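A.B. asks: With the sequence up front, the predicted model follows.
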Amino acid sequence: MNEEKALCFRWTACPACAGKSIRAYKKGTYSDRLTQDQIRITDSQYGKTWDLSRCLDCGHIFANPCPSPEHIFSLYGRVEDPLYEEEAAGRARNFRPILDTLEKLAPAGGRFFDVGAATGILLDLARRRGFVPDGIEPSAWAVRVAAEKYRLALRRGAFETTALDPEPCAVVSMIDFIEHTPSPYKAVQNANRILRPGGILALVTPDIHSLAARIAGPRWWHYRPAHLAFFSRPSLEALLGRAGFSIIHERRYAWTFSAHYLLSRKTAFSSLLRIRTLASFLKKIPLKLALGDSFEIYARKDRPV
């Protein structure tokens with residue numbers, strides 16, 4: 001871990017609200033060297049966390065020490081995750097309700113910018129509804145798949161530090177992104193900069209105080225090495241308000257996955273899933289998980305920052 005620690009930094013102020021009152025919250029259970037395989041979208045290392053601190057001002061909980069932005073980007077740049085694309089149909093089911101809401105809040109025909117766009121599934125769906133797709137993704141593999149399968153020209157880079165075109169966006173989406181970045185304020189600040197006045201930021205992220213999180217305890221599925229930040233309603237409001245946004249709509253996010261994908265989360269089923277006919281059958285069975293442990297937030301840009 002000595003090399004890992006050298007690639008980390010320690011927060012002295014809250015990364016959400018910039019408050020100075022920080023206290024230790026939870027001792028970490030993660031002791032390995034972080035690799036790109038541990039931060040794939042489809043990783044299943046549940047229950048592993050960094051040392052966590054809590055802001056006494058807004059309640060935000062975050063990794064402290066935290067991997068540096070440069071280290072994180074270098075790892076995500078090497079991520080390859082074919083299982084993510086195999087579950088494309090299920091992920092499309094997850095994205096459609098978000099697009100239904102965005103069609104009511106933002107006029108179609110505007111620029112739709114997806115942060116952490118992965119292979120471009122959401123952007124492909126947004127394009128079909130009349131939005132102009134744009135987005136950024138650090139994984140070279142994902143950018144290549146987006147070009148080959150969906151004919152999307154994603155930018156490759158880290159959103160927090162990338163200079164973007166001045167053409168304003170109608171929508172910026174951060175679906176399961178904000179918990180992965182060491183710099184959440186820089187991320188939403190950059191979203192503000194590329195949104196037109198009144199533009200919409202759509203954000204999905206885990207709720208550490210949800211009933212599901214309390215019941216699961218240390219085995220909560222959002223406790224994993226890739227997650228560096230855990231938000232509550234007050235800390236999200238503090239972060240967004242600091243970056244010039246106001247929350248205008250919210251609900252609890254519901255996941256839909258195939259039975260095959262959910263069983264693949266457990267190694268006990270690995271031999272069973274190797275039976276080709278059974279695997280094919282299970283991939284066709286959608287299962288909805290309404291666990292209520294993720295926020296689905298829509299925020300309007302009220303002022304520039």
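C.D. replies: Looks like it arrived, so ask away.
A.B. asks: on contacts alone, who are the packing partners of the host helix or strand of Arg54?
C.D. replies: Assigned by DSSP states H and E, Arg54 falls within strand 52-55. Counting contacts by 3 or more Cβ pairs under 8 Å, 6 or more residues apart in numbering; DSSP states H and E, strand 52-55 packs against strand 22-26, strand 61-63. C-beta here means a position set from N, CA and C on the backbone, and glycine is covered the same way.
A.B. asks: Neighbouring strands of that strand in the sheet, and parallel or not?
C.D. replies: Next to strand 52-55 in the sheet, as set by DSSP bridges, lie strand 22-26 (antiparallel), strand 61-63 (antiparallel).
A.B. asks: which other residues reach that strand?
C.D. replies: 11, 14, 16-17, 19, 21-26, 28, 60-64, 230, 235 (Cβ atoms under 8 Å, 6 or more residues apart in numbering).
A.B. asks: Just the buried ones from those?
C.D. replies: 14, 16-17, 19, 22, 25-26, 60-64, 230, 235 (16 or more other Cβ atoms under 10 Å).
A.B. asks: Identify the residue with the minimum pLDDT among those.
C.D. replies: pLDDT across those is lowest for Lys26, at 93.
A.B. asks: Could you dump the buried ones among the contacts of strand 52-55 into CSV with distance to Leu34 added?
C.D. replies: Formatted as CSV, the buried ones among the contacts of strand 52-55 follow (distance: Cβ to Cβ, whole Å):
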residue, distance to Leu34
Cys14, 23
Ala16, 22
Cys17, 26
Gly19, 27
Ile22, 22
Tyr25, 20
Lys26, 18
His60, 22
Ile61, 19
Phe62, 16
Ala63, 11
Asn64, 15
Phe230, 18
Ser235, 24
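A.B. asks: Could I get the contacting residues of Ile208?
C.D. replies: Contacts of Ile208 (Cβ under 8 Å, 6+ apart): 61, 222, 230-232.
A.B. asks: Among those residues, which are located in helices?
C.D. replies: Of those, none are assigned to helices by DSSP state H.
A.B. asks: If you count contacts, what does the longest helix seen in the chain end up packed against?
C.D. replies: Using DSSP H to define each element, the chain has its longest helix at helix 88-105. With contacts defined as 3+ Cβ pairs under 8 Å, 6+ apart, the packing partners of helix 88-105 are helix 121-128, strand 169-175, strand 195-206, strand 245-252, strand 255-258, strand 286-289, strand 294-301.
A.B. asks: State the next helix or strand along the chain beyond that helix.
C.D. replies: Next along the chain from helix 88-105, counting by DSSP H and E, comes strand 111-115.
A.B. asks: May I have the strands that pair with that following strand, each with its orientation?
C.D. replies: strand 132-137 (parallel), strand 169-175 (parallel).
A.B. asks: Tabulate the ones you listed (CSV), appending distance to Gln38 and mean neighbour count.
C.D. replies: As requested, the strands paired with strand 111-115 are arranged in CSV below (distance: least, Cβ to Cβ, whole Å; neighbours: other Cβ atoms under 10 Å):
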stretch, distance to Gln38, mean neighbour count
strand 132-137, 18, 22
strand 169-175, 20, 25
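A.B. asks: Flag the shaky bits of the stretch 1-150 of the chain, pLDDT-wise.
C.D. replies: Filtered on pLDDT under 70, the stretch 1-150 of the chain yields the residue ranges 1-6, 31-32.
A.B. asks: Near Ala18, how many other residues are there?
C.D. replies: Ala18 has 14 neighbouring residues, counting by other Cβ atoms under 10 Å.
A.B. asks: To clarify, my last question referred to Phe95.
C.D. replies: 20.
A.B. asks: try Asp302
C.D. replies: 14.
A.B. asks: Report the separation between it and Leu240.
C.D. replies: Going from Asp302 to Leu240 by Cβ to Cβ, to the nearest Å gives 10 Å.
A.B. asks: Repeat that for Pro107.
C.D. replies: 22 Å.
A.B. asks: between the two, which one's more packed in?
C.D. replies: It is Leu240, of Pro107 and Leu240, that has more neighbours when counted by other Cβ under 10 Å, with 24 against 12.
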